[in-house]
Each structure stands twice: as structure tokens, then as C-alpha cells.
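Visitor: Fold the following and give me the result.
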Amino acid sequence: MPRFFLFFILGLVVFIGLYYCLALSGIDARLDFPSSFLILASLLIWIPVLNWAAYGHRETGSLLRRVGRLQNNYLAQSLAVIYIVISLIALAFIIYEVMGGTPNFPSSLRDWSPLLLLWSFSISYALSVFSNLLVYENGIYLGFVLLKWEEITAYHWDRAEPNLLVITVKPGSMFSLKPSAKLLLPEEQRDYVGNILSTKVQATRTDDA
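Guide: Numbering: from 1, shown residues only. As a prediction, this is how the structure comes out:
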């Protein structure tokens, strides 16, 4: 309950601040259901980041190794760049229309709220997919989520790709929506990660069939 209350208060402060900034800048800040929904969605997107900033980093322990970015994350990273480019184009369009004095161009919170949602998603997604894989004393960090050692039930190295680590996680883990996660590591980090898993994880090491 305290954590939920903290997020609620933080979201309320951000919302009120945004509301008054828009009002002072001459933008119609009257709310309706669509704009309220989009603003709420924009705030909810940041919950994983805020959760990590407020609580998650306290559970990590000491940093043992910076493994680097995953080698099989290029598609997600490309999408993140595309989202950022689209967001920049949308922002430039609205600024041009507003600052250019286009006749009858609507300048209200309802017009800005989709842009706010687009930017919130684009930035948070980019921060997640471009994050480094970090090995901590208490688990593995990736994308604002700490996978604790005790959440790993089994792991193995793929035979076809020797640097591809396949980890089976406990149900309900925030690290992966699927029962297992595939992490393609930099070649020079394979031995270290394998050694740390063998010493830290009370799990079953399986061979890839």
C-alpha cells in the first residue's frame, strides 16, 4: 500500500504540474475523457521505471559485472529508434502548426495528450531495450527489472548458438512474460556469466536437446 500511495501522489503532482504549465502557456487545459485517459496511460507507462528508482535498486546488492547490451535485441532497438523518430516528427508538426499561427489550429490539452503518450512510450521503451545487462550480487538486471537468483529454476547454453543463454524463470516473474528468456551475450562475457550462474543459482542446469 505505501508503494501504491507513493506512485499515486507522484502521478498527481506530475499531472497538476502539467495542467498548470499548459494553462499558463495559453493552451486550453480543459479535460475530457479521451485526454484524461491518454494522460493517465502516459503516467502508468513510467511505473516500472519509478518502481526501480524508488525500490528496485535497493535489492540488487553490489555490482559484479557490466555484461553489456544483448546481441539478440536489435529488432527491439530498431523499433525504439523508429518510435523516437515518429515522436520527433509529431512534435515538430504540432510546434509548427501552433507557432506558425495556422488559422483555426486547435491548441488544447486534447491535442497534446496523444503526443504526451507517444513520447512517454517511446522514451521508456528506448530506455528499456537499450539498457545493459548487469550482474549484481543478488541477481541479473535488465530493463528496470531484477531477476533474483532464486527466481531461476533452470538454465542452459544453446548448442546452435554457444553464447545464447536460455533461462527458465518461476511463474509470475517480471523478468519475462514467457516461462523462459533467451539472452544472447557478448562472446567475451560467456564464461563469467556461466561461472556466476553455477555459484549463485540453486537451479537445474539442463542440456539443450
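Visitor: Tell me which residues touch the residue most central in space within the chain, please.
Guide: Centroid-nearest residue in the chain: residue 128, 3.6 Å away (criterion: CA atoms, centre = their mean). Applying CB atoms under 8 Å, 6 or more residues apart in numbering, we find residue 128 in contact with 48, 143-144. No exception for glycine: its C-beta is placed from N, CA and C like everyone else's.
Visitor: what about it, distance to residue 55?
Guide: Distance, residue 128 to residue 55, by CB to CB, to the nearest Å: 17 Å.
Visitor: With residue 168 instead?
Guide: Residue 168 is 26 Å from residue 55, where distance means CB to CB.
Visitor: Just want to know which of those two has more residues nearby.
Guide: Each of residue 168 and residue 55 has its neighbours counted (other CB atoms under 10 Å); residue 168 has more, 19 against 11.
Visitor: and the more buried one, what element?
Guide: Element membership for residue 168 (DSSP states H and E) is strand 164-169.
Visitor: for residue 153, same thing?
Guide: Judged by DSSP H and E, residue 153 forms part of strand 152-157.
Visitor: CA atoms only for that strand, dumped as CSV, please.
Guide: The C-alpha atoms that make up strand 152-157 are tabulated as CSV, following Å, rounded to 0.1, in the frame of the first residue of the first chain:
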residue,chain,number,x,y,z
ILE,A,152,15.8,-19.0,-11.9
THR,A,153,14.7,-22.6,-11.9
ALA,A,154,16.9,-23.9,-14.8
TYR,A,155,19.3,-22.7,-17.4
HIS,A,156,21.4,-23.9,-20.3
TRP,A,157,23.5,-22.8,-23.2
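Visitor: That strand: which residues count as buried?
Guide: Buried residues in strand 152-157, defined by neighbour count with 16 or more other CB atoms under 10 Å: 152-153, 155-157.
Visitor: now stretch 160-178
Guide: Under the neighbour-count criterion of 16+ other CB under 10 Å, stretch 160-178 has 163-169, 173, 175-176 buried.
Visitor: Show the backbone phi and psi for the residue nearest to residue 61 when sequence neighbours are not counted.
Guide: The spatially closest residue to residue 61, leaving aside those adjacent along the chain, is residue 137, at 2.8 Å (CB to CB, 6 or more residues apart in numbering). When read as degrees, to the nearest 10, the backbone of residue 137 gives phi -60, psi -30.
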